[in-house]
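A.B. asks: no sequence on this one, just coordinates:
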């Protein structure tokens with residue numbers, strides 16, 4: 001799941017499958033995303049996956065959106081914006097209000113996976129695509145479940161970690177969100193709240 005320890009998990013799984021690779025190189029920022037050959041990637045409906053234990057992690061929808069905004073838009077120059085975000089009218093340096101306004105004009109299923117409602121990636125209508133859904137907020141405990149089920153220990157670096165921001169209460173996931181913006185995003189992610197047990 002993008003913006004939910006995705007880079008760290010991909011790097012850890014890569015090292016599990018390819019212990020001959022230099023750890024420092026695997027954990028070098030975006031390298032794991034550029035070297036797609038380092039991960040064995042198959043389509044979600046591939047026959048080989050039927051015998052595998054499948055898992056994912058989810059995150060509070062507003063925290064995930066803010067992580068996307070800070071990492072992919074706020075800290076990026078307009079001319080360095082990823083093409084996939086330009087296609088839906090986003091560009092580096094946009095204000096969060098502009099981003100939310102633009103995102104809400106795109107059908108949820110057509111949004112980039114970094115901002116699409118998580119349930120669209122985790123479920124095929126009512127059927128989960130995975131055997132276990134962990135939560136980022138209890139990452140260590142839920143990762144232990146995955147490791148025990150798979151009989152492995154993951155070498156998990158901490159890549160793309162969200163930088164600390166102003167203190168906030170658990171009910172207010174982001175200091176940058178006005179009540180109006182929060183309400184609009186809560187509507188977009190309503191199904192995520194319901195399916196994953198988060199509080200708006």
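C.D. replies: Nice, thanks for sending it over. Fair warning: this is a prediction, and the values are worked out from it, not measured in the lab.

A.B. asks: count of neighbours near the closest residue in space to residue 154 that isn't next to it in sequence?
C.D. replies: Closest residue in space to residue 154, ignoring its immediate chain neighbours: residue 12 at 4.0 Å, by C-beta to C-beta, 6 or more residues apart in numbering. C-betas here are computed from N, CA, C, even on glycine. Counted with other C-beta atoms under 10 Å, the neighbours of residue 12 add up to 22.

A.B. asks: right, and residue 12 touches residue 156 too?
C.D. replies: Yes: counting by C-beta atoms under 8 Å, residue 156 is a contact partner of residue 12 at 4.7 Å.

A.B. asks: Starting from whichever helix or strand the residue nearest to residue 154 is part of, tell me the next helix or strand along the chain.
C.D. replies: If you go by DSSP states H and E, residue 12 is part of helix 6-17. Counting by DSSP H and E, the element after helix 6-17 in chain order, helix or strand, is helix 23-26.

A.B. asks: can you list contacts of that next one?
C.D. replies: 11, 14-15, 31-32, 38, 155 (C-beta atoms under 8 Å, 6 or more residues apart in numbering).

A.B. asks: average pLDDT across stretch 8-16?
C.D. replies: For stretch 8-16, the mean per-residue pLDDT is 88.

A.B. asks: What is the least confident helix or strand in this structure?
C.D. replies: Least confident helix or strand, the chain: helix 31-34 with a mean of 83, by mean pLDDT, DSSP states H and E.

A.B. asks: what's the distance between that helix and the middle of its chain?
C.D. replies: Distance of helix 31-34 from its chain centroid, counting by C-alpha atoms, centre = their mean, to the nearest Å, is 15 Å.

A.B. asks: same for that helix, what does it pack against?
C.D. replies: Packed against helix 31-34 by the contact rule (3 or more C-beta pairs under 8 Å, 6 or more residues apart in numbering; DSSP states H and E) you find helix 6-17.

A.B. asks: circling back to that earlier point, how close does the residue nearest to residue 154 get to residue 153?
C.D. replies: Residue 12 sits 9 Å away from residue 153, going by C-beta to C-beta, to the nearest Å.

A.B. asks: Ok, residue 49 next?
C.D. replies: To residue 153, residue 49 is 22 Å away according to C-beta to C-beta.

A.B. asks: cool, and residue 141?
C.D. replies: 15 Å.

A.B. asks: Check residue 32 too.
C.D. replies: Residue 32 sits 19 Å away from residue 153 when distances are taken as C-beta to C-beta.

A.B. asks: What of residue 127?
C.D. replies: Relative to residue 153, and taking C-beta to C-beta, residue 127 is found at 30 Å.
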